[in-house]
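# Attaching a predicted model along with its sequence, questions to come.
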Amino acid sequence: MSPSLFFRLLMALQLVIVIAIACEPVGQAMVNSELKPGDEIDGMIITTGVGAVPPLQAFCSPALENENSLTVDCHVPPLSKLAIGHPFERADQALQVLDWSEMNWELYVDERPVDLEAFGVHTYLIPDLAPHPSPIREVFRQMKAWDVVLTKLSPGMHTLHGTARTETNTYTWVVNFTVKAAPSQ
């Protein structure tokens, strides 16, 4: 084989490799993309509308906490919707007083990243006790959560992993939650 023919074959092979890499199948690109409202994950739909939806925290046992890290197990009954955008325990308390727009947030559902900006923040009020002795015993505290809701919950084990970073701290939570199957009729 002449050097000229060998060089042409080598160049053609390189061109084929470059084209093959550039033409990644659409299904593979979708697996790595961030979840947005309306997307499906494991048969569940991720959407917004946290207003009257029970939060995941309502179904969790006491957490195993380190300084700014938390791991918790939850057992969720068969529900039609579940709010998953709330920070957990100590992170929730610390993060409520900070400007969320100045923080770096990450949320993963079953190892898939969630585009939190596409979901937005939900603000709500909860009753609380006044922090100092006062003739007014109860006050309302403003809280924030990401407006992320799962619908059409798939029975079985799922994982939620969240991270919030400030300039000085990082808060993480790993929530292993099991959705129980609906009783057969």
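Looks like it arrived, so ask away. Numbering: from 1, shown residues only.
# Which stretches in the protein count as strands?
40-41, 44-47, 64-65, 69-76, 81-83, 104-109, 112-113, 121-129, 138-146, 149-151, 156-165, 170-179 (DSSP state E).
# So in that sheet, which strands flank the last one, and in what orientation?
In the sheet, strand 170-179 lines up against strand 69-76 (parallel), strand 156-165 (antiparallel) (DSSP bridges).
# Lowest mean pLDDT across the ones you listed, which one is that?
Of all the strands paired with strand 170-179, mean pLDDT reaches its minimum on strand 69-76 (a mean of 91).
# Can you redo the strands paired with strand 170-179 as JSON lines, where the extra columns are mean neighbour count?
Just so you know, the C-beta spots here come from the backbone N, C-alpha and C atoms, and that holds for glycine as well. Formatted as JSON lines, the strands paired with strand 170-179 follow (neighbours: other CB atoms under 10 Å):
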{"stretch": "strand 69-76", "mean neighbour count": "17"}
{"stretch": "strand 156-165", "mean neighbour count": "18"}
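# looking at the chain, which helix or strand is least sure?
helix 26-32 (a mean of 47; mean pLDDT, DSSP states H and E).
# can you tell me which residues contact the residue positioned nearest the centre of the chain?
Residue closest to the mean C-alpha point of the chain, counted by CA atoms, centre = their mean, is residue 107 at 3.1 Å. Contacts for residue 107 (CB atoms under 8 Å, 6 or more residues apart in numbering) come out as 84, 85, 113, 114, 116, 146, 148, 160, 161, 162, 163.
# The second one and residue 143 touch, don't they?
No. Using CB atoms under 8 Å, residue 85 is not in contact with residue 143, being 11.6 Å away.
# Which one of these two is surrounded by more residues?
residue 85 (26 against 16; other CB atoms under 10 Å).
# quick one on the thing from earlier: export the strands of the chain as CSV, with columns for distance to residue 97.
Output for the strands of the chain, formatted as CSV (distance: least, CB to CB, whole Å):
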stretch, distance to residue 97
strand 40-41, 32
strand 44-47, 28
strand 64-65, 19
strand 69-76, 18
strand 81-83, 21
strand 104-109, 16
strand 112-113, 26
strand 121-129, 13
strand 138-146, 10
strand 149-151, 25
strand 156-165, 13
strand 170-179, 13
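# okay, now the domains of the protein?
With domains defined by automatic domain parsing, the chain comprises 1-32, 34-179.
# looking at those domains, which has the lowest confidence?
domain 1-32 (a mean of 50).
# list the contacts for residue 84?
By CB under 8 Å, 6+ apart, the neighbours of residue 84 are 55, 56, 107, 109, 148, 149, 150, 160.
# same check, this time on residue 173
69, 70, 71, 72, 87, 88, 89, 91, 160, 161, 162.
# how about the nearest residue to it, chain neighbours excluded?
Distances taken as CB to CB, 6 or more residues apart in numbering place residue 88 nearest to residue 173, at 4.0 Å, with adjacent residues excluded.
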